[in-house]
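Engineer: Starting from these lines, generate the structure:
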Amino acid sequence: MNKNTALIKHIPIFAHLSDESLEKIATITVEKKYRKGTIIFMEGDPGEAIFFIKSGKVKISKTSSDGRELILNIYGDGDVFAEVTIFNDVQYPATAEVIEDAVIGMIMNKELEELVKRNADLALQIIKILNKRLYMSQMKLKQMALSDTYVRTAQMIIKLAHEHGVEKDDMIELKLELSRQELANMIGTARETVSRALSQFKKEGSIDISGKRIIVKNMKKLKTWIES
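Structural biologist: Residues are numbered from 1 along each chain as shown. Take a look at the predicted model:
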């Protein structure tokens, strides 16, 4: 198994496929390098491909009716995005922007469709991951409707700590530089409200803040916000 095929195997959609199927997927994969700040595709562009990240980070966002940016997610190594376009003649529902120099694999949907026709295992895995993403989206909407801002801010920090955090001296430093506005966009609230939540978390000793970096000092105490 070559390096590219081994990397593809780590993508949830393809994780349980045979080596032969992985090799076939590798043959239709195109690799591209992107600099920080590059737009991979814009919301509304024709949805032509599925992407996976070999290295770097990508921000997925939408524009609200009043022109504000709503950050849906930040993806890193091994993550897949734009799979919503698979088997659908649709536009990309969001914008993908590189926020850290990245190497990204791209699989054209038309070529993937031809492969899926000959591979039932691949079809099953795609169904499973799409169902999971749908469930997570529904949970996020429910969370936004039912949780107050402090709870949602704590949940987002915990999520980012798990996905992008590095442990150091019994603390977890988020390896992301997020402004208050960007964090507010991810949560779906106002910057001022997030600032108040962060100030409260810092005052109680749950987190510390260094510039745009957040450091989780006491994960147990931070989790009490979502467990109460």
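Engineer: from memory residue 61 sits against residue 93, does it?
Structural biologist: No. At 10.8 Å, residue 61 does not count as touching residue 93 under the criterion of CB atoms under 8 Å. No exception for glycine: its C-beta is placed from N, CA and C like everyone else's.
Engineer: Name the residue in those two with the higher neighbour count.
Structural biologist: Counted by other CB atoms under 10 Å, residue 61 and residue 93 do not tie: residue 61 has more neighbours, with 19 against 14.
Engineer: what helix or strand does that one sit in?
Structural biologist: If you go by DSSP states H and E, residue 61 is part of strand 49-63.
Engineer: ok, then the element right after that strand?
Structural biologist: strand 69-75.
Engineer: Determine the set of other helices and strands touching that next one.
Structural biologist: Counting contacts by 3 or more CB pairs under 8 Å, 6 or more residues apart in numbering; DSSP states H and E, strand 69-75 packs against strand 49-63, helix 149-164, helix 180-187.
Engineer: 7 Å instead?
Structural biologist: strand 49-63, helix 180-187 (3 or more CB pairs under 7 Å, 6 or more residues apart in numbering; DSSP states H and E).
Engineer: Same list, the ones you listed, but as JSON lines with distance to residue 162 and mean pLDDT please.
Structural biologist: Below are the helices and strands packed on strand 69-75 laid out as JSON lines (distance: least, CB to CB, whole Å; pLDDT from 0 to 100):
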{"stretch": "strand 49-63", "distance to residue 162": "15", "mean pLDDT": "93"}
{"stretch": "helix 180-187", "distance to residue 162": "14", "mean pLDDT": "91"}
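Engineer: how about the ones you listed in CSV, adding distance to residue 36?
Structural biologist: Listed next are those as CSV, based on distance: least, CB to CB, whole Å:
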stretch, distance to residue 36
strand 49-63, 8
helix 180-187, 15
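Engineer: any idea which residue sits dead centre in this structure?
Structural biologist: Taking CA atoms, centre = their mean as the criterion, residue 75 is the residue nearest the geometric centre of the chain, at 3.3 Å.
Engineer: Could you give the bridge partners of the closest residue to that one other than its chain neighbours?
Structural biologist: Spatially, and ignoring its direct neighbours in sequence, residue 75 is nearest to residue 58 (4.9 Å; CB to CB, 6 or more residues apart in numbering). Counting by DSSP bridges, residue 58 is bridged to residue 75, residue 98.
Engineer: roughly how far apart are residue 58 and residue 138?
Structural biologist: 23 Å (CB to CB, to the nearest Å).
Engineer: In terms of packing, which of those two has more residues around it?
Structural biologist: residue 58 (23 against 10).
Engineer: The more buried one against residue 95, yeah?
Structural biologist: No. Here residue 58 does not reach residue 95: they are 10.1 Å apart, not a contact under CB atoms under 7 Å.
Engineer: mind checking how far the biggest helix by length in the chain is from the chain centre?
Structural biologist: Longest helix of the chain, by residue count under DSSP state H: helix 120-146. Centroid displacement of helix 120-146 relative to its chain, using CA atoms, centre = their mean, to the nearest Å, is 13 Å.
Engineer: what angle separates it from helix 180-187?
Structural biologist: Helix 120-146 and helix 180-187 meet at an angle of 110 degrees, taking axes from the mean of the first three to the mean of the last three CA atoms, to 10 degrees as the criterion.
Engineer: what inclination does helix 120-146 have with respect to strand 69-75?
Structural biologist: Using the same axes, to 10 degrees: helix 120-146 against strand 69-75 is 140 degrees.
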